[in-house]
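J.: Got a predicted model here, sequence first, then my questions.
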Amino acid sequence: MRDQTVDEALLDRMFQTLRYSQIGQSVNSVTHDVNNTLGAIMAYSELVSMEPNLSEDAQRMLGEVVQAVRKASQQLGNLTDIARPERSDVREATPAELAERTAELRRHDLKVARARLEVEVEEGLPTMRVDLPRLVHALAGLMTNAIEALPDGGGGTVRLTVRRAGDDRIGFAFWNTGMPVPAETREAMFAPLFTTKSGAHIGLGLNYAERLAAYHGGAVRYDDEQGFVMEIPVRGTFAG
């Protein structure tokens, strides 16, 4: 007779994974309609701004509306890239763009944690060829890890540093003002389903980041000085 005993903690994580998948499907299903609404707001705002005799305050407020709609549309685009079914989507992107997309996806988490974000991007970095949605997803996971490792009670700083890591690689380093990763955790922390956290954490973030880096021909490592560092070739090798 088949043993149908299932570890309850593992089962909970599997259900969380299913829930996240369903959330992704929901995001894809509504973004088209939301973008249509944003487009209407943009069009009517621009039409009103062309009316004569508008006060300076009215012009300023309409300009702020247009900028807010553009930002919301960009955020929706980032979410759609992450939430759509996983498939190869290789694009050209600058390291600064990758950092900006990553930070935008975690802006709310930073606000909830009352954390300050510092982003440092080395000047003159080359444009990269990457699987953009999946790489941003993995980078966002490393940023989430940095946010969640901040001291209890909120506050602190998360720093994303982007710089050259050799002749043909770019390094994305996520450091925070929390405590370093304990030595006893370091050997196991990249294993699938390993987590030291409670609640909805399923223990796949670091493993996914490591797999995505390897897919590009890169790697993920940790040290106390830089935190978690993902190094990616400028021209990804995309090993199946």
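T.: Structure's in. What do you need? This structure is a prediction, so every number in the text was calculated from the model and none was measured.

J.: My guess is E120 contacts V158. True?
T.: No: E120 lies out of contact with V158 (Cβ atoms under 8 Å); the separation is 11.8 Å. Yep, even glycine has a C-beta here, placed from its N, CA and C like the rest.

J.: So for those two, which residue has more residues nearby?
T.: V158 (27 against 11; other Cβ atoms under 10 Å).

J.: Break the protein into its domains for me.
T.: 8-83, 90-233 (automatic domain parsing).

J.: For the ones you listed, which has the smallest mean pLDDT value?
T.: Mean pLDDT per stretch puts domain 8-83 lowest among the domains of the chain, at a mean of 70.

J.: Would you map the strands across this structure?
T.: Along the chain, counting by DSSP state E, strands occupy 90-93, 116-121, 128-131, 157-164, 169-176, 219-223, 227-233.

J.: Distance to E148 added to those strands, as JSON lines?
T.: Shown next, in JSON lines, are the strands of the chain (distance: least, Cβ to Cβ, whole Å):
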{"stretch": "strand 90-93", "distance to E148": "26"}
{"stretch": "strand 116-121", "distance to E148": "14"}
{"stretch": "strand 128-131", "distance to E148": "25"}
{"stretch": "strand 157-164", "distance to E148": "10"}
{"stretch": "strand 169-176", "distance to E148": "9"}
{"stretch": "strand 219-223", "distance to E148": "15"}
{"stretch": "strand 227-233", "distance to E148": "12"}
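
J.: right, and those - which one's nearest M50?
T.: If you check each of the strands of the chain against M50 by Cβ to Cβ, strand 90-93 wins as the nearest, at 35.0 Å.
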